[in-house]
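Undergrad: quick one: sequence plus predicted model below, questions after.
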Amino acid sequence: MHPTIRPNPGIAEIAPYVGGASALPGANRTVKLSSNENPLGPSPAAREAYLAAADGLGLYPDGGHARLRAAIARAHGIDADRIACGNGSDELIALLARAYAAPGTEVLYSAHGFLMYRLSALSAGATPVAAPERALTTDIDALIARLTPATRLVFLANPNNPTGTMVPEAEIARLAEALPPAALLVLDAAYAEYVRAPGYDGGIALVESRENVVMTRTFSKIHGLAALRLGWLYGPAHVIDVLSRVRGPFNVNAPALAAGEAAIADHGYVADCRIANEVWRDWLAREIAAAGFPVTPSHANFLLVETGARTGAVDGHLRAHGLIVRRMDEYGLPGHLRISVGDAAACRAVAEAMAGIGAAA
């Protein structure tokens, strides 16, 4: 840091976020399974909409995101006026921190939650507070026990990344009820479309019943639009008003708006991706467990695999086979790997490699 030109409090404590690796030097062929991307990519309709948007690249995008918000509202049966769009749900998380957190306040999250919660808190000068988990699952009682008058934001991913575990919606409602008056609960539902549970809506009903809950969603996962950086938030009118004041006037680009509008309407493609993920996720979990590595049951499009003291060897073995996965040390889970669910060929390659190293033990 410069001796006199200093950033705001908290910035110096941030270790920049590092995404999953995407290449292996010297490898002839690599399979990226480190970032929980959809191996099937976007729907054909979304791809066509993106290409068509090239004709308007000389024009500013719709700063109000009206068509996309309307499409999201139709798809989920919600109020378009209570939707905000962002440059990925990461931007929305950062905007919430910018708007509601500040020096002297606290941002609370589960110990093994998404890294951006802590980074966003620090960037706002707030104090990040991590609550311990129980059996790699968010512990609502632990979160409630750490609420204070200084708490301004509580982030809860459901399903959680990187564990893939979930907590019941009744438990989340109990947390919302326990919040101090100045706090906001942020439900990160990035993997909601992968969940198969009766009545599960990612948090929509809770948002509509309270003034202190918002839900974030993304187009990066099941919709296969990670490269375009597109996310959305559903919340009470007072939060939407605040976000409209702090976000950039053209924070979402036109090709992303067009592709997102087409993607959210392609219900058949989303259903196909959900089924494919479920089939191969469960198959891969069984194969990895059979190779001698415990797997945390997942509701998302990735698996958390316990590799213990052999993590380096397992990771190296997978890399030698061109398979890029992600070590979980930075999430407080040394001895674990997170493996995204790829297509059939990728899943079979992972299973074969894991069986090989398991047999060598």
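TA: Great, that's in hand. These numbers were taken from a predicted model, which means no experiment stands behind them. Numbers count the residues shown, from 1 in each chain.

Undergrad: doesn't Thr216 belong to a strand?
TA: Yes - the assignment for Thr216, made by DSSP: H, G, I helix; E, B strand; the rest coil, places it in a strand.

Undergrad: I figured it hits Leu92, correct?
TA: Yes - Thr216 is within contact range of Leu92, at 5.3 Å (criterion: CB atoms under 8 Å). Placement of C-beta: from N, CA and C, glycine included.

Undergrad: and for these two, which residues touch both?
TA: Counting by CB atoms under 8 Å, 6 or more residues apart in numbering, the common neighbours of Thr216 and Leu92 are Gly231, Trp232, Leu233.

Undergrad: quick one: contacts for the second one?
TA: Contacts for Trp232 (CB under 8 Å, 6+ apart) come out as 68-69, 72, 83-86, 89, 92, 216-219.

Undergrad: repeat that for 10 Å
TA: 65, 68-69, 72, 76, 83-86, 88-89, 92, 215-219, 252, 260, 264 (CB atoms under 10 Å, 6 or more residues apart in numbering).

Undergrad: okay, now Met328: neighbour count?
TA: Neighbours of Met328 under the rule other CB atoms under 10 Å: 21.

Undergrad: quick one, helices of the protein?
TA: For the chain, the helices defined by DSSP state H cover 44-52, 66-76, 88-100, 115-123, 140-145, 169-178, 204-209, 237-246, 254-265, 267-290, 311-320, 344-360.

Undergrad: gap between the third one and the chain center?
TA: For helix 88-100, the distance between its averaged C-alpha position and the chain's averaged C-alpha position is 13 Å (CA atoms, centre = their mean, to the nearest Å).

Undergrad: average pLDDT for that helix?
TA: Regarding helix 88-100, the rounded mean pLDDT is 97.

Undergrad: what's the answer for the fifth one, then?
TA: With pLDDT averaged residue by residue, helix 140-145 scores 98.

Undergrad: helices or strands next to it in the packing?
TA: Under the contact definition 3 or more CB pairs under 10 Å, 6 or more residues apart in numbering; DSSP states H and E, helix 140-145 sits against strand 106-110, strand 127-131, strand 151-157, helix 169-178.

Undergrad: nearest to Ala300, out of these?
TA: Distance to Ala300, taken as CB to CB, is lowest for strand 151-157 among the helices and strands packed on helix 140-145, at 9.4 Å.

Undergrad: who are the packing partners of the closest one?
TA: Judged by 3+ CB pairs under 10 Å, 6+ apart, the packing partners of strand 151-157 are helix 88-100, strand 106-110, helix 115-123, strand 127-131, helix 140-145, helix 169-178, strand 184-188, strand 213-218.

Undergrad: good, we can wrap up now.
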